[in-house]
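Q: No sequence on hand, only this structure:
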C-alpha cells in the first residue's frame, strides 16, 4: 500500500463521521501498537439513547448527547486468520446502522517503489517488511450510508496526537470496501403470473 494520493480538503468532511473516527483513533492509540483489526458499527447517538437506554447509560450517553452525532459500537473481534479486507466482502449492516468504521495496522511504502512490488501477495508482504523506507501506519477509516468517508492515520514513527493525519479519501480501497457493506439489498420484485 502506498500513500501517493494527495488528501482532499478535510473541511469537506462530515463532522459527525470525522468526530467518530477520531474518537476511535484516540481510544485505540491508548492501547498501543500491534493490535488486531477491529470493526465498529456507527449508530445515531440520539436513537441509541432512546432505544437502548441501559447501553447508552453504560457508555456515558444521555438525553443531552449531541443531536446528529454518531456513536461507535465495537463488534466482535474478527478472526485473525482472515484479513480485514476479505472479511468486509461478506458483511452487511442492518438499516439502523448509519455507518461503519475499521481499524487496521499496515506497512506502507513510498510511491516510488510501486513498480518494484512483486505481484504475488506473500512476496509483496515480504518485500514491504524488508524495505528500508517502510512505515508502520494505523488506519482508522469510516463510511456512512449517505456516502461520507473519513480516515485518520497515525505513523508509528510519529506516534503522537498532533501527528495524526485526517482526510476524506486517504485510503480509497478500504473506504470502498466499507461503503459496500452499507448498501441495502434490493427488495425482491413480485413475479407476474402468466
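A: It's in. These numbers were taken from a predicted model, which means no experiment stands behind them. Numbering: from 1, shown residues only.

Q: Could I get the buried residue list for stretch 136-144?
A: 137-144 (16 or more other Cβ atoms under 10 Å). From N, CA and C alone the C-beta is placed, and that goes for glycine too.

Q: so where's the protein shaky on pLDDT?
A: By pLDDT under 70, the weakly predicted segments of the chain are 1-11, 55-56, 59-67, 185-194.

Q: where along it do the helices fall?
A: 15-29, 45-51, 53-58, 84-88, 121-130, 172-180 (DSSP state H).

Q: Contacts only, for the spatially closest residue to residue 68 that is not a sequence neighbour.
A: Of all residues not flanking residue 68 in the chain, residue 16 sits nearest, at 5.6 Å (Cβ to Cβ, 6 or more residues apart in numbering). Residues near residue 16 by Cβ atoms under 8 Å, 6 or more residues apart in numbering: 68-70.

Q: Selection in PyMOL covering whichever of those are buried, please.
A: Buried subset of the contacts of residue 16, written as a PyMOL selection, criterion 16+ other Cβ under 10 Å:
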select buried, resi 69+70
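
Q: I'd like the contacts of residue 16 laid out as CSV, including distance to residue 77.
A: Shown next, in CSV, are the contacts of residue 16 (distance: Cβ to Cβ, whole Å):
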residue, distance to residue 77
68, 30
69, 25
70, 21
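
Q: how far does stretch 108-117 stretch from start to finish?
A: 12 Å (Cα to Cα, to the nearest Å).

Q: Going by neighbour count, list what's buried in that stretch.
A: Here stretch 108-117 shows 108-109, 117 as buried, counting by 16+ other Cβ under 10 Å.

Q: As TSV, those with distance to residue 42 would be great.
A: Listed next are these as TSV, based on distance: Cβ to Cβ, whole Å:
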residue	distance to residue 42
108	25
109	30
117	33
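
Q: and of these, the nearest to residue 149?
A: Using Cβ to Cβ, residue 108 comes nearest to residue 149 of these, at 18.6 Å.
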